[in-house]
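J.: quick one, structure for this:
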Amino acid sequence: VQLGMFLIGRPVESLGIGRRRTLRDQVAHEKIVQRQQDRVSDDRHDRPMKGDVGGREFPRADGFAIPGQRLLDLGKLHGAGTVRGLARGAHFDELAHLFKMGLRLAVAQKVEDQVAGTAQDAATKKTQWDFATQWSFPKLETLRMIIPGLYGYRMDTPDGGQYWGSIGRSEGWEKTKAGIPRHSGSGEYAGLLVVLLAVFALIHSLRRDGNPYTIMERRHIWFWSGTGFVCLLMAFGKHAPLFQFFYGLPYMSTIRSPLKFLHIVHLALVILFAYGLQGLFKLGESAAKDSSSGFLGHLTAWWKQAPHFDRRWVIWTGAFAGLTLFSLMAFSAKKGQFEKFLTTEALDVNAAKSVGHFVMGEMTIFMLFLVLSLLAMLVIQSGFWAGRRAKWGGLLLTVILIAQFGHGNRAWIKYWDCLLYTSPSPRDRG
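T.: Alright, predicted model coming up:
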C-alpha cells in the first residue's frame, strides 16, 4: 500500500485505512468507478497530455490521461479496509488495482522524462544516430576482454598505459579532427580464465559421448551463450548491422551508449564460467586413474585412453596458444610501424613509443597467463587432481584467477593521501 501511494505522490494516511467498508461505501465506490470509466473514455481525446496529482503536473507518454484528483478520490475508496482484512485477502483486488494505477503513472512520468526533446519520427532518429551510438564497442577491441591492457586502461594511466582505442570518438574525427578522438572510463576485462572456461562449457556441451552436462544444463549453456553473443553484437553499435534494427524500435532510440550491452555479456560469461568449472571437474572425476606413476606418466596414460573429443580440445587450445605466441613475435617485429600508426591517432611520438612498449608487455603477460591457465585445465581434466585432491585443482584455479584480475584491475585503483583532505594543518597538506 505504501509503495503504491508513494508512486502517486500521496501519504498513506489518505487511504483511510482503519475503517471497514460499509454498504454505502460500496455503492459510492461502484458509482465512482463507473464515472471514472466514462470520463476516461472522453479523456482519451479531450484531455490534455498533463494532469495534476496533489498540485503537481505529471506528464504522460502514452496519451492516456489519468486526472490526479480523481485518482486520489478513487484511491481513498480502494484503500478502505483494515490491514488485518488485507492480510485475510479482503479488498486485495482493489488495492492491487490502485497499485497498478500508481505504477502506470510513475512509469509514464519516467518515460516522458527520458524521451523529453527526443521525437520518434524517422528524421529525428536519423539525426540522433551519431549521438546515440558514439559509445559503441569497436569489434577489434573485443580482445580487451581477455587482454586487459591491449588498448590501454584509463585516459590518465601513466607510462604508456593510457587508452588509445576509439570508444567515444566523435563522428568524422578521422577526416576533420573535430571533436574528441576517444574517451574511456572503464575496462571490459572479463578474465582470461573466465572466458576459457566459458568456451569450455559451450564446446563440451555439444559433445555426443561423455557429455558432462544434463539436457537441462546444456539448454542453459546454449541460452546464455546465445544471449551473450547477441548482446555482444548489440554492443558493437554502429560498427555492426544489428543495433540499427534495435534502434528503429519505438523509444529504443532514446537509449544511448550501446556499450551498456556488455553488462549482459559479462553476466553470461560468469554463468558459463560456473558451468565450465562444473564440467571440467566432472570430466576429471570420470577420467581419474592411478597417479602413482607421477605427473608425466599420468598425462601420458590419460592421453592414450582419452576420448577423441578431449584430445581434439587439447590440440585446438594448444594451437591457440601457438598462434598467440606467433602474434607476439610478429608484433615485436612490427612495433615500429605500430608506433607510427599511433601518431595518426592523436598521440605524439614519445607517447606512441611508451604505448608500444606497454602493449608489448601486456601481450607477454597474457601469453604467460594463457599457458598457465591451459596447463591447469589440462591437469584437472586428466583426473590427476580427482577425489580428495580436487581441492588442489580448485586452489590453483583460484590463485590464477586472483592473479589475472589483480593484474587487470591495478590501473583502476587510485590512491589518495587522506591528509590532503582531512588534516587542518597547511603543512600536512603539502
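J.: tell me the mean pLDDT for the lengthiest helix in the chain?
T.: When the chain is parsed with DSSP state H, its longest helix is helix 349-381. What helix 349-381 shows for mean pLDDT is 95.
J.: swap in stretch 244-256?
T.: So the average pLDDT for stretch 244-256 ends up being 84.
J.: swap in stretch 207-217?
T.: Averaged across stretch 207-217, pLDDT comes to 93.
J.: what's the first-to-last distance across stretch 241-259?
T.: Start-to-end span of stretch 241-259 (CA to CA, to the nearest Å) is 15 Å.
J.: could you shift the numbering so residue one becomes 33, and keep it that way?
T.: Happy to do that; since the first residue is 33 now, the last one works out to stretch 273-291.
J.: tell me the buried residues in that stretch?
T.: By 16 or more other CB atoms under 10 Å, the buried positions in stretch 273-291 come out as 274, 275, 279, 285, 286, 289, 290, 291. Any C-beta I mention is one placed from the backbone N, CA and C, and that applies to glycine too.
J.: which helix or strand contains residue 185?
T.: Remark: residue 185 resides in no helix or strand, with elements defined by DSSP states H and E.
J.: thinking again about what came up before, which other residues reach the helix or strand just after the longest helix of the chain?
T.: Using DSSP H and E, the helix or strand that follows helix 381-413 in sequence is helix 422-441. Defining contact as CB atoms under 8 Å, 6 or more residues apart in numbering, one finds that helix 422-441 is touched by 180-181, 219, 221, 223-226, 309, 313, 316-317, 397, 401, 404-405, 408, 411-412, 417.
J.: so how far is residue 395 from the closest residue to residue 309 other than its chain neighbours?
T.: In space, residue 309 comes closest to residue 229 once its chain neighbours are excluded; the distance is 5.9 Å by CB to CB, 6 or more residues apart in numbering. Residue 229 is 22 Å from residue 395, where distance means CB to CB, to the nearest Å.
J.: more neighbours: which of these two?
T.: residue 229 (25 against 19; other CB atoms under 10 Å).
J.: doesn't residue 409 make contact with the more buried one?
T.: Yes: at 7.5 Å, residue 229 counts as touching residue 409 under the criterion of CB atoms under 8 Å.
J.: tell me the angle the longest helix of the chain makes with helix 422-441.
T.: Angular relation of helix 381-413 and helix 422-441 on a 0 to 180 degree scale: 170 degrees, by axes from the mean of the first three to the mean of the last three CA atoms, to 10 degrees.
J.: from the contacts of helix 422-441, list the buried ones, please.
T.: Buried by 16+ other CB under 10 Å: 180-181, 219, 221, 223-226, 309, 313, 316, 397, 401, 404-405, 408, 411-412, 417, out of these.
J.: remind me which residues of this protein are low pLDDT?
T.: Low-confidence segments of the chain, defined by pLDDT under 70: 33-132, 134-157, 217, 321-324, 453-462.
J.: can you give me the strands for it?
T.: 82-85, 88-91 (DSSP state E).
J.: tell me which residues of stretch 169-186 are tucked away?
T.: Under the neighbour-count criterion of 16+ other CB under 10 Å, stretch 169-186 has 169-170, 173, 176-186 buried.
J.: endpoint to endpoint, it covers what distance?
T.: With CA to CA as the measure, the first residue of stretch 169-186 is 16 Å from its last.
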